[in-house]
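Student: Sequence and predicted structure are below.
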Amino acid sequence: MGNQLFRWAGLIVFVCLAGGCASTSPDIATLESVEVRQYQGEKLSSVADFRENSIQGPQNVPLDSYSLKVSGLVDTPLSLTYDQVIASYAHYSKVITLHCVEGWDVTILWEGVLLGDLLKAAGAQGNAVIVIFHAYDGYTSSLPIQYLKDKNILLAYKMNGVTIPPERGFPFVVVAEAKWGYKWVKWVTEIELSNDPTYKGYWEAYGYSSTGDLDQPFLGP
Ligand SMILES: Nc1nc2c(c(=O)[nH]1)N[C@H]1C(S)=C(S)[C@@H](COP(=O)(O)O)O[C@H]1N2
Ligand SMILES: [Mo]
């Protein structure tokens, strides 16, 4: 008898979910905020599986005063709004795993624009060899231009199908495939082209490897 009651209760809940007993129907924004957790048969981590360990804690970047700059050794310096970045460049997505030196990792479906396309638009000068990424919290790190182009490295605005949350790096994150997590700059504000291959970013200045290759120890040159 008790069992029967549970079955009925279950059925009513099911009918409500499927048929929409709820007073508010989901709009696009509600649907968009649902994370993708599996992609082409591959299980994804959640946006919530990251550990927060940013140098200044989570950042809230206000879009009304935000611009993404492409500066340094370029023919045409760029200053783009969030919407301009997303509207002006082709979109790509890829599942890539971030490994933090602390020993945890997260596998996420990233969506973004190609850093190579931004560099092309700005016109990288011949002597530029690296890009220094500057972030809203004062963090920096660098990556070789050749790597960004050859590996089709993304500047992401979505993870698992949702807009990157503030604590994960909104508006833009460098998806530094095959590099340690400290190379994945969050809250990117400026992409500076430089001819200084010895530049050291925030963690690199404490002795972390400048190349940051995942198949090499992170402490080293
Ligand atoms: N701007 C900024 N980007 C950053 C960091 C940071 O402190 N500031 N931390 C890096 C490190 S060490 C890692 S592992 C990744 C992911 O960090 P999270 O788990 O705190 O998001 O972001 C990287 N990008
Ligand atoms: Mo990290």
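Tutor: Sure, I can see it. The model shown is predicted, which means the values in this text are computed figures rather than measured ones. Ligands and ions are numbered 1, 2, ... in the order given.
Student: Give me the nearest residue to the residue in the chain that ligand 1 sits nearest to, chain neighbours excluded.
Tutor: As assessed by C-beta to the nearest ligand atom, ligand 1 sits closest to Gly181 within the chain, at 2.7 Å. For the C-beta atoms, the positions are set from N, CA and C on the backbone; glycine is no exception. Distances taken as C-beta to C-beta, 6 or more residues apart in numbering place Cys100 nearest to Gly181, at 3.9 Å, with adjacent residues excluded.
Student: what's the neighbour count on the one you found?
Tutor: Cys100 has 16 neighbours, counted by other C-beta atoms under 10 Å.
Student: Now that it has come up, it's in contact with Lys183, right?
Tutor: No. Counting by C-beta atoms under 8 Å, Cys100 does not reach Lys183; the two are 10.8 Å apart.
Student: For Cys21, report the pLDDT, please.
Tutor: With respect to pLDDT, Cys21 scores 40.
Student: Quick one: the strands in this protein, in order.
Tutor: 38-39, 42-43, 68-72, 78-80, 92-99, 105-114, 130-135, 140-144, 154-159, 162-163, 173-175, 188-194 (DSSP state E).
Student: for those, which one sits closest to ligand 2?
Tutor: Ligand 2 lies closest to strand 92-99 among the strands of the chain, at 8.3 Å (C-beta to the ion).
Student: now the angle from the closest one to strand 105-114?
Tutor: Taking axes from the mean of the first three to the mean of the last three C-alpha atoms, to 10 degrees, one finds strand 92-99 and strand 105-114 inclined to each other by 150 degrees.
Student: No further queries at this time; thank you.
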